[in-house]
Every structure is written in structure tokens, then in C-alpha cells.
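**Q** Have a look at this fold, sequence not included:
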């Protein structure tokens, strides 16, 4: 029998809720030294995944220019209330808005060769691992590389 996802996955997965703020998510990534986390709803279902790259989007020039344009349209030459500008600021972004979805997932019984193929074909760095549609782990490219390094030459 070959190596399966369940043999190499990380079992204690850090997750966030769809309502987690950009700042909360960034703090979790830093605290746990990970580059992404699954986003799970109240029932524990994976509804998205959010990465460092997703957190960068609100700070890009294109988004800032679009935000400034909308503010000018809404204001129609008038000053907007400071509370309104605060309401639409980057600190108000939530996981549900920034996350990547739908999320490609994998079952824990998947063989290493199939996992490597999926990651390679779809340029995926990590996959949430499910059992009966519930999150039980996460597997990354680094996990696959470690498993390959540990394989017997036979």
C-alpha cells in the first residue's frame, strides 16, 4: 500500500471564520507561521481559503483608485461623513470578501501520486483535507516533498 494524504497531512489546522477581519487573519498567519488558512463556516465546512496574496489585494493601487472613484461618485461634490470613510476602509475587509473560492479539496485516502498530480496540474500549494465533508487536515507541497524524500528506492 502506498503513501496516502492522511499519512503526511498536518492534522491541527488553524482556520478562520468568514467574518474574520483582514487584521485578525494577518495576525493568525504571523502567529502560526503559515501562509494561508481555510475559511470554515459555523458547521465546520470549508467555504474558502485565504492566503497572504489575498490579504495584499486591498492595498494595491487598482483597488485604492477604484475606492477613491466610488467615494467621489457617492459624495457628488460633497464631503462624506468620516464614519462612512471608516466603514469602507481596508480594515473592514472580511475573509468572506477576500478568500479564494470555490476551494479545491482532497480526501484523506488519496494516494501520494494522485495528490502530486493534482497539485502539479492545477498549480496548487496546499489543499484542505476532508473526511465526510469535514476538515481533518491540510497538505502542502512541502509535505509532498518530505514524503518523496522519505520514500524507499525500491
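**A** Perfect, thanks for sending it. Model, not experiment: these values are computed from the prediction.

**Q** Confirm that residue 130 lies within a strand, as I assumed.
**A** Yes. Assessed by DSSP: H, G, I helix; E, B strand; the rest coil, residue 130 belongs to a strand.

**Q** which residues in this structure form helices?
**A** For the chain, applying DSSP state H gives helices covering 5-8, 22-32, 52-56, 61-75, 82-87, 95-98, 112-122, 141-150.

**Q** buried stuff in the first one?
**A** The reference is to helix 5-8. 5-6, 8 (16 or more other C-beta atoms under 10 Å). C-beta coordinates here come from the backbone N, C-alpha and C atoms, glycine included.

**Q** Same question for the last one.
**A** Of the residues in helix 141-150, 143-144, 147 count as buried by neighbour count, 16+ other C-beta under 10 Å.

**Q** likewise stretch 19-27?
**A** 20-22, 25.

**Q** and what of stretch 116-124?
**A** Within stretch 116-124, the residues that qualify as buried are 119, 124, counting by 16+ other C-beta under 10 Å.

**Q** cool, stretch 33-40 as well?
**A** Buried residues in stretch 33-40, counted by 16+ other C-beta under 10 Å: 34, 36-40.

**Q** pLDDT (mean, whole number) over stretch 100-111?
**A** For stretch 100-111, mean pLDDT rounds to 94.

**Q** And stretch 127-139, by the same measure?
**A** Confidence for stretch 127-139, expressed as mean pLDDT, is 94.
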